[in-house]
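> Following is a predicted model, sequence given first.
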Amino acid sequence: VRRELLEKEILQLEKELSLSQTASPSASILKKSESKGRTLSLENGLQAVCGKSAKDNLAILRKAQPWDLWLHLRDYPGAHAIITRPRNLEVGLDSIERVSQWVFRESLKGKSLKIGLKLGVKLDVVVVECRHVRPIKGDKLGRVTYHNPKIFSFASKIESY
């Protein structure tokens, strides 16, 4: 009887292990952080994750790996995204631009900023490894401080994802 019980437990653990290995990194980061969010699939199996609120964004940031990349529009309030990646994989400029355009669209959904930002406007995007991003204690707006940023500039455009 004891042997059968142990075999059932082993099978259950093996199933859970295989499911966690096949799950996408962004799905696991959303699950770990217990937050709601959106994902964007990129080439090379990379994925970007964006929370639905400031609270979700900070929860996702806290559960991100130190080598994941954090992106935010410079000088504009709004969403930020995390690109989940393996430790030594470099993310291409085209992937960063795609996520930047996605963050731009997500940041402006239903906001009055749409008036000031139009198609073709220059966007400065801050890209930082998550290890260099720290939430501001007690802040309810989702603001952070960061060090060692890389700044990229793109023109805003409308794309379908």
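Everything's here; your move. Residues are numbered from 1 along each chain as shown.
> mind checking pLDDT for L46?
You'll see L46 listed with a pLDDT of 85.
> scratch that, K118
The model's pLDDT for K118 equals 59.
> Is W102 in contact with T39, as I believe?
No: counting by CB atoms under 8 Å, W102 stays clear of T39, with 10.0 Å between them. Where you see a C-beta, it was placed from the backbone N, CA and C, and this is true even at glycine.
> which residues are common contacts for those two?
Taking CB atoms under 8 Å, 6 or more residues apart in numbering as the contact rule, W102 and T39 both touch A48, C50.
> Among those two, which residue is more densely surrounded?
Comparing W102 with T39 by other CB atoms under 10 Å, the one with more neighbours is W102, at 20 against 17.
> who's in contact with the more buried one?
With contacts defined as CB under 8 Å, 6+ apart, the neighbours of W102 are L40, A48, C50, A81, Y161.
> Which of those are buried? Put it as a PyMOL command.
In PyMOL syntax, the buried subset of these is picked out as below (16 or more other CB atoms under 10 Å):
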select buried, resi 40+48+50+81
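> Export the contacts of W102 as JSON lines, with columns for secondary structure.
Output for the contacts of W102, formatted as JSON lines (DSSP: H, G, I helix; E, B strand; the rest coil):
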{"residue": "L40", "secondary structure": "strand"}
{"residue": "A48", "secondary structure": "strand"}
{"residue": "C50", "secondary structure": "strand"}
{"residue": "A81", "secondary structure": "strand"}
{"residue": "Y161", "secondary structure": "coil"}
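> Closest one of the contacts of W102 to A64?
Comparing the contacts of W102 against A64 with CB to CB places A81 closest, at 10.5 Å.
> Which strand residues bridge the closest one?
C50, L71 (DSSP bridges).
> measure it to G45 for me?
In this view, A81 and G45 are 17 Å apart by CB to CB, to the nearest Å.
> Give me the average confidence score over the strand ranked longest in the chain.
Assignment by DSSP state E gives strand 122-129 as the longest strand of the chain. Taken as a whole, strand 122-129 has a mean pLDDT of 89.
> Cheers, nothing more for now.
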